[in-house]
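**Student:** Pasting a predicted model and its sequence here:
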Amino acid sequence: MPIQKAKSYALRLLAIRPRSIKEIKDKLALKNFPLEDIDAVVNELSSKNYLNDLEFAQAFLRDRIANNPKGVALLKRELRRRGVEDEASDEALEAIKDTFDEKETARGLALLRKRALGKVCGATAKRRVCDYLMRRGFAAHTVYEVVKEVLDKDETIID
């Protein structure tokens with residue numbers, strides 16, 4: 001009977017949004033289900049393809065890119081934190097490469113940030129835009145190129 005409750009709870013969680021195997025295991029463990037039941041539920045849901053880390057990673061990346069764009073490094077870190085193995089996250093990132101251009105995404109965010117800064121200009125604006133993009137997980141060389149394009153091209157980025 002407890003295994004049925006665990007399965008029911010896991011299915012309710014999956015009805016809300018896709019989840020990684022680790023997330024389901026952690027949620028079930030928080031509800032104090034026995035480890036054997038957790039493993040049985042995860043195995044059953046995985047065999048029925050309700051739990052699939054690769055599909056979760058692809059859905060997560062599509063959602064994140066559409067609603068809260070970030071750089072590849074941060075996206076990969078978020079997937080790792082959710083328990084997706086590097087192999088699955090690499091494969092998911094490879095699958096979305098044709099629709100996700102990191103440099104274009106960074107450029108769009110830099111333009112938004114530049115507008116938000118208003119009257120701040122010069123080295124201060126460059127530093128703030130650089131910091132913003134770096135916090136969002138974009139590679140340093142991408143940030144440098146984008147900031148150079150978006151802000152004053154004649155000035156250096158580093159004070």
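**Tutor:** Great, that's in hand.

**Student:** For E102, give me its contacts.
**Tutor:** 71-72, 138-139, 142 (C-beta atoms under 8 Å, 6 or more residues apart in numbering). Yep, even glycine has a C-beta here, placed from its N, CA and C like the rest.

**Student:** In the residues you listed, find the pair that's most separated.
**Tutor:** Maximum pairwise distance among the contacts of E102 (C-beta to C-beta): 9.2 Å, between V72 and T142.

**Student:** From A88, how far off is the closest residue to P34 other than its chain neighbours?
**Tutor:** Leaving aside its chain neighbours, P34 sits nearest to P2 (6.6 Å; criterion: C-beta to C-beta, 6 or more residues apart in numbering). Distance, P2 to A88, using C-beta to C-beta, to the nearest Å: 30 Å.

**Student:** Who has more neighbours out of those two?
**Tutor:** Set P2 next to A88 and count neighbours by other C-beta atoms under 10 Å: A88 wins out with 20 against 12.

**Student:** Was I right to think that one contacts E55?
**Tutor:** No. If you go by C-beta atoms under 8 Å, A88 and E55 don't touch, sitting 9.2 Å apart.

**Student:** From Y9, how far out is the residue nearest to the spatial centre of the chain?
**Tutor:** Residue closest to the mean C-alpha point of the chain, counted by C-alpha atoms, centre = their mean, is L75 at 3.4 Å. Distance of L75 to Y9, computed by C-beta to C-beta: 28 Å.

**Student:** Repeat that for A92.
**Tutor:** Distance from A92 to Y9, by C-beta to C-beta: 26 Å.

**Student:** contact partners of the helix or strand hosting A73?
**Tutor:** Element membership for A73 (DSSP states H and E) is helix 72-81. Helix 72-81 has contacts (C-beta under 8 Å, 6+ apart) with 57, 60-61, 64-65, 70, 86, 88-90, 92-93, 102, 136-139.

**Student:** among those, which are in strands?
**Tutor:** Among the contacts of helix 72-81, DSSP state E puts none in strands.

**Student:** Buried among those residues? Make that a PyMOL selection.
**Tutor:** Selection of buried members from the contacts of helix 72-81 for PyMOL, criterion 16 or more other C-beta atoms under 10 Å:
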select buried, resi 57+60+61+64+65+70+88+89+92+93+102+136+137+138+139
